[in-house]
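**Q** what follows is a protein structure lacking sequence information:
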């Protein structure tokens, strides 16, 4: 049984990935500073899988704490989710984003090198494609022109990991560039549960639907898209989690630097997501149009053919199922986890 360290493992994508890793037979260790997640997600993972998880409350900026985790466990690979992740906030707090995401990753790489662990699956993002490229995005496209500091942290970390591989071909690096994960586990036990007011569309809609928030602000209705609102490639978080399991298997079996898109290959507009959510929850969502947000682009969706070819992975769920699963989680957890 391979031991996998999951940084940021109590978060939205991290917790769902932990479930899928356990169900695929891996042993996992989680490290998280709980800055945007709750320790309760670990007990929910236990309820789903029957497996207790070894958990360390620590920050990846704390190199000694990460070193201790490697000292105490025989880690075969790392899935690296830990990082700040809100586009708008990154525009307001660039220094914090660059320091946390990049310095944290450098410290993690340093500890991995020291312990001869050279396999990493990195949580990258479609934001690396920026505004110059046109959707559908392929992995060969230039990624040097992000539109916001969050995106640039992903671009820079990918570059760092690429250079690490060039310097030492024993490394296996798989940056997963994913699009817009939504939905929740079918059990309704884990889902997207951000601290404070949500930054992402679907948890915000969920809080409007449940009466916690009064109204959804739709940022921008003058984009060059069919209905004027931003188009994104929404992917079910469980599909995404299964992609990470396939990526870890691939990384453990191959050396190299191999960025891979994880998306459905289809775009949905904000208004289409709102409509699907209204169908799921059976009530209208109060909404108003607001100005565009800094750093946002009109259209983003994946060419996901490389994931199919290399990982034998493809997304299965449609937008209706994603919204239904999100609403199920919201109903079962009215006050979050």
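**A** Sure thing, it's come through. As the structure is a computational prediction, the values presented were derived from the model and not from experiment. Numbering: from 1, shown residues only.
**Q** now do the helices in this structure.
**A** Per DSSP state H, the chain carries helices over the ranges 12-23, 40-49, 63-72, 87-92, 94-97, 104-114, 149-167, 201-209, 237-253, 270-281, 305-311, 319-332.
**Q** isn't residue 296 right next to residue 231, touching?
**A** No - between residue 296 and residue 231 there is no contact under C-beta atoms under 8 Å: 11.1 Å. Backbone N, C-alpha and C define where each C-beta goes, glycine included.
**Q** more crowded one of those two?
**A** Shown here are residue 296 and residue 231; by other C-beta atoms under 10 Å, residue 231 has more neighbours (23 against 17).
**Q** who's in contact with that one?
**A** Applying C-beta atoms under 8 Å, 6 or more residues apart in numbering, we find residue 231 in contact with 223, 225, 267, 268, 269, 298, 299, 300, 301.
**Q** ok, back up a step: need the helices of the chain in TSV (columns: mean pLDDT and mean neighbour count).
**A** Rendered in TSV, the data for the helices of the chain read as follows (pLDDT from 0 to 100; neighbours: other C-beta atoms under 10 Å):
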stretch	mean pLDDT	mean neighbour count
helix 12-23	98	25
helix 40-49	98	19
helix 63-72	98	16
helix 87-92	90	17
helix 94-97	98	15
helix 104-114	98	19
helix 149-167	97	19
helix 201-209	96	23
helix 237-253	98	22
helix 270-281	98	20
helix 305-311	98	17
helix 319-332	98	21
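**Q** tabulate those helices in JSON lines, adding columns for distance to residue 190.
**A** Shown next, in JSON lines, are the helices of the chain (distance: least, C-beta to C-beta, whole Å):
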{"stretch": "helix 12-23", "distance to residue 190": "5"}
{"stretch": "helix 40-49", "distance to residue 190": "5"}
{"stretch": "helix 63-72", "distance to residue 190": "23"}
{"stretch": "helix 87-92", "distance to residue 190": "23"}
{"stretch": "helix 94-97", "distance to residue 190": "26"}
{"stretch": "helix 104-114", "distance to residue 190": "24"}
{"stretch": "helix 149-167", "distance to residue 190": "24"}
{"stretch": "helix 201-209", "distance to residue 190": "13"}
{"stretch": "helix 237-253", "distance to residue 190": "9"}
{"stretch": "helix 270-281", "distance to residue 190": "18"}
{"stretch": "helix 305-311", "distance to residue 190": "23"}
{"stretch": "helix 319-332", "distance to residue 190": "7"}
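**Q** and these: which comes nearest residue 2?
**A** Ranking these by distance to residue 2, with C-beta to C-beta as the measure, places helix 237-253 first at 6.6 Å.
**Q** tell me what angle that closest one forms with helix 12-23.
**A** Taking axes from the mean of the first three to the mean of the last three C-alpha atoms, to 10 degrees, one finds that helix 237-253 is oriented at 60 degrees with respect to helix 12-23.
**Q** and helix 237-253 with helix 319-332, angle?
**A** Using the same axes, to 10 degrees, helix 237-253 lies at 110 degrees relative to helix 319-332.
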